[in-house]
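**Student:** Sequence and computational prediction follow.
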Amino acid sequence: MRSPDVDALKRRGRGMTSPRTRNRMVARLARQGIRDSGVLEVMAQEPRHLFVDEALAHRAYEDSPLPIGFGQTLSSPFIVARMTELVRQEAPERVLELGTGSGYQALLLSRLVPAVYSVERIAALHRRAARRLAELGSSARLRVSDGTQGWAEAAPFDVILLTACARALPEALLEQLSDGGRLIAPLETPDGEQSLVQVRRQGRTFERRRLASVRFVPLLEGVVE
């Protein structure tokens, strides 16, 4: 049985994982242009260092992505903050995240959005994220599934957020957007460049806008048990 005191200390962190380090990360994010105070506040509170291997915990608040196994990464704090900020701009009630990964982005979203659903195609990552999120009291609903198919039973969603790069936007995801909803996704061009784009649904019309250059792992089909 775990000791509540040990768990509280682990969650709080110390040294390079301490609240002071988190506050320095948040100050850096504000200088980089993150303006949403709700996003900054929740990132100052939540223990990003628990979402990477213990050997990398001291690097959790650096401005860089970190490996989480299975060829996947935890995106840099800036990318996580920016994508969470974009989600918040819609004041959504229901959000679908595709690519649970470590579970860190799902944790932040669950603190800021009433209903969060998150899909992961790699079963081992799903189990690890589910355990962490349960320990931290997150309300995010998770499942193992092919992310390109979304979560049809729970649709429609006000925002769908992809945390892996697609070469084309899956039709199933566009269909699961609510009218007026927004899809935020890294998208790869034929020449291999990646851009963060947002797609807004207006009836049967989908308006696309490029936001920034990014670098994400590829969006893959199927499930890895």
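**Tutor:** Done, it's in. Numbering: from 1, shown residues only.
**Student:** Quick check: buried residues in the strand of greatest length in the chain?
**Tutor:** Under DSSP state E, the strand in the chain containing the largest number of residues is strand 177-188. Neighbour-count burial for strand 177-188 flags 177, 178, 181, 182, 183, 184, 185, 186, 187, 188 (criterion: 16 or more other CB atoms under 10 Å). For the C-beta atoms, the positions are set from N, CA and C on the backbone; glycine is no exception.
**Student:** all helices for this protein, in order.
**Tutor:** Read by DSSP state H, the chain holds these helices, from start to end of the chain: 4-12, 19-31, 37-45, 77-88, 104-112, 123-135, 171-175.
**Student:** CA atoms of the longest strand of the chain as CSV?
**Tutor:** Taking Å, rounded to 0.1, in the frame of the first residue of the first chain, the C-alpha atoms of strand 177-188 are listed here in CSV:
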residue,chain,number,x,y,z
LEU,A,177,-17.5,17.5,-34.9
SER,A,178,-20.5,19.5,-33.7
ASP,A,179,-21.8,22.2,-36.0
GLY,A,180,-19.5,25.1,-35.3
GLY,A,181,-17.0,22.8,-33.7
ARG,A,182,-13.2,22.9,-34.3
LEU,A,183,-10.6,20.3,-35.1
ILE,A,184,-7.0,21.2,-34.2
ALA,A,185,-4.4,19.0,-35.7
PRO,A,186,-0.8,18.7,-37.0
LEU,A,187,-1.0,18.0,-40.7
GLU,A,188,1.8,16.9,-43.0
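**Student:** now it, how far from the centre of its chain.
**Tutor:** Relative to the centre of its chain, strand 177-188 is centred 14 Å away, using CA atoms, centre = their mean, to the nearest Å.
**Student:** between that strand and helix 77-88, how big is the angle?
**Tutor:** Angle, strand 177-188 to helix 77-88, by axes from the mean of the first three to the mean of the last three CA atoms, to 10 degrees: 160 degrees.
**Student:** by contact count, what packs against strand 177-188?
**Tutor:** Based on contacts counted as 3 or more CB pairs under 8 Å, 6 or more residues apart in numbering; DSSP states H and E, the elements that strand 177-188 packs against are helix 77-88, strand 157-162, strand 194-202.
**Student:** Residue 80 touches residue 107, doesn't it?
**Tutor:** No: using CB atoms under 8 Å as the test, residue 80 is too far from residue 107 to be in contact (10.2 Å).
**Student:** higher neighbour count, those two?
**Tutor:** Applying other CB atoms under 10 Å to residue 80 and residue 107 shows that residue 107 carries more neighbours, namely 25 against 22.
**Student:** Would you mind measuring from the closest residue to the more buried one other than its chain neighbours to residue 103?
**Tutor:** Here the nearest residue to residue 107 in space, its sequence neighbours aside, is residue 138; by CB to CB, 6 or more residues apart in numbering that works out to 5.1 Å. Using CB to CB, to the nearest Å, we find residue 138 at a distance of 8 Å from residue 103.
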